[in-house]
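Novice: turn this into a structure:
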Amino acid sequence: MARLPAQLAPIAGLGLVWSAAPYEGLARDLVAALKFGARLGLASSAATAIAARAPSEFLDGAIVPVPPAPWRHRWRGFDPAHAIARPLAAQTGLSLRPCLRRTQGRRQVGRPRAERLEQPPEVRVAARPPERAILVDDVVTTGATLGACARALRAGGSERVVALTFARTG
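Specialist: Next up is the predicted model:
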């Protein structure tokens, strides 16, 4: 994992997003095993990769997992972003603040990039958000979901929002 190149890229509505690895090879296999094989122990490996390699300026605030679509959470029985966020909080000593919820909207997976960006998921604040929020997710593709989360956090009172993901496509 340590040899995989970390990535820093802009996301509309959020600014820079840091990812521990490109979404290919070992990183892609880890995400697939976590999400589709329910190998929850792999979430700690993803969290360790993030904690060990993330720039220190990204590790300032409270960790906010990106919320899953309600049906996806019911289908899987767990939330991959929260599964990564929990050990990341423990490893970094930062607090965990799952304060966001998603509505049932359309799936992001399989939709064209332009459509995903034009029609991001609806995200709302369900509890008081932290002043300094660190969004955490397993994979960033278009950034539409991260952008929607950042807008909800700012509307709820967060002054600073950054994002960390395990992997990034493209």
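
Novice: what's the spacing between Gly143 and Gly93?
Specialist: With distances taken as C-beta to C-beta, to the nearest Å, Gly143 is found 28 Å from Gly93. Where you see a C-beta, it was placed from the backbone N, CA and C, and this is true even at glycine.

Novice: an error on my part: the question was meant for Val161.
Specialist: In terms of C-beta to C-beta, Val161 sits 20 Å off from Gly93.

Novice: higher neighbour count, these two?
Specialist: Remark: of Val161 and Gly93, Val161 carries more neighbours, 24 against 8, as counted by other C-beta atoms under 10 Å.

Novice: and the more buried one, what does it touch?
Specialist: For Val161, the contact set (C-beta atoms under 8 Å, 6 or more residues apart in numbering) comprises Leu14, Gly15, Ala133, Ile134, Leu135, Cys149, Ala150, Leu153, Arg154.

Novice: mind putting those residues into a markdown table with pLDDT?
Specialist: Listed next are these as a markdown table, based on pLDDT from 0 to 100:
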| residue | pLDDT |
| --- | --- |
| Leu14 | 87 |
| Gly15 | 80 |
| Ala133 | 97 |
| Ile134 | 97 |
| Leu135 | 98 |
| Cys149 | 94 |
| Ala150 | 95 |
| Leu153 | 97 |
| Arg154 | 96 |
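
Novice: Ala47 sits in which helix or strand?
Specialist: When elements are assigned from DSSP states H and E, Ala47 belongs to helix 42-53.

Novice: tell me which stretches of this protein form strands.
Specialist: For the chain, the strands defined by DSSP state E cover 7-11, 15-22, 62-65, 100-102, 123-125, 132-140, 160-168.

Novice: the first one - contacts with which helices or strands?
Specialist: Packing contacts for strand 7-11, counted by 3 or more C-beta pairs under 8 Å, 6 or more residues apart in numbering; DSSP states H and E, involve strand 15-22, helix 144-156, strand 160-168.

Novice: ok, now with 7 Å
Specialist: If you count contacts as 3 or more C-beta pairs under 7 Å, 6 or more residues apart in numbering; DSSP states H and E, strand 7-11 packs onto strand 15-22, strand 160-168.

Novice: where does the protein have low pLDDT?
Specialist: 73, 104-120 (pLDDT under 70).

Novice: what's the spatially most central residue of it in contact with, if anything?
Specialist: Centroid-nearest residue in the chain, with C-alpha atoms, centre = their mean: Asp137, separated by 1.6 Å. For Asp137, the contacting residues are Val66, Ala81, Leu146, Thr165, taking C-beta atoms under 7 Å, 6 or more residues apart in numbering as the criterion.

Novice: run the last query once more with 6 Å
Specialist: Applying C-beta atoms under 6 Å, 6 or more residues apart in numbering, we find Asp137 in contact with Val66, Ala81, Thr165.
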